[in-house]
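# what's the 3D shape of this:
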Amino acid sequence: MFELGSWKDNRSYQECLAEGKIMGKLETVKPFLRRGLTLEAIAESLELPLDLVREAAEDSNSQED
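Modelled structure (predicted):
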C-alpha cells in the first residue's frame with residue numbers, strides 16, 4: 001500500500017502535475033492578449049516557450065471564429 005507521501009513521488013504523478021501547471025498557464029494567454037500584451041511578453045511572464053504561447057494564442061483565435 002502507498003504511504004501518504006509516496007504517490008507524490010511517482011513519476012506519472014509528477015508528469016501530470018507539470019502538464020497541469022502548463023495548461024493552467026496557457027489558459028491565461030487569451031486574457032493577456034486582450035490586455036494588449038505581446039506574445040513575447042506573455043511567454044516571458046509565464047516562463048513558457050514562445051512557440052507554446054503562440055500556439056495557444058492561435059488556438060484561442062480559432063475558437064472565437
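# now do the contacts for E40.
With contact set as C-beta atoms under 8 Å, 6 or more residues apart in numbering, E40 has these partners: L50. C-beta coordinates here come from the backbone N, C-alpha and C atoms, glycine included.
# helix or strand for it, which one?
In the assignment (DSSP states H and E), E40 maps to helix 39-46.
# where are the low-confidence patches of this structure?
1-5, 64-65 (pLDDT under 70).
# swap the cut-off to 50 and go again
For the chain, the stretches with pLDDT under 50 are 1.
# which residue is nearest the centroid of it?
By C-alpha atoms, centre = their mean, the mean C-alpha position of the chain lies nearest to I22, the distance being 2.7 Å.
# re the thing from before, buried set for the helix or strand just after the helix holding E40?
Remark: after helix 39-46, the chain's next helix or strand is helix 50-64, criterion DSSP H and E. Residues of helix 50-64 classed as buried by neighbour count (16 or more other C-beta atoms under 10 Å): 53, 56-57, 60.
# same question for stretch 26-35.
Judged by neighbour count using 16+ other C-beta under 10 Å, the buried positions of stretch 26-35 are 26, 29-30, 32-33.
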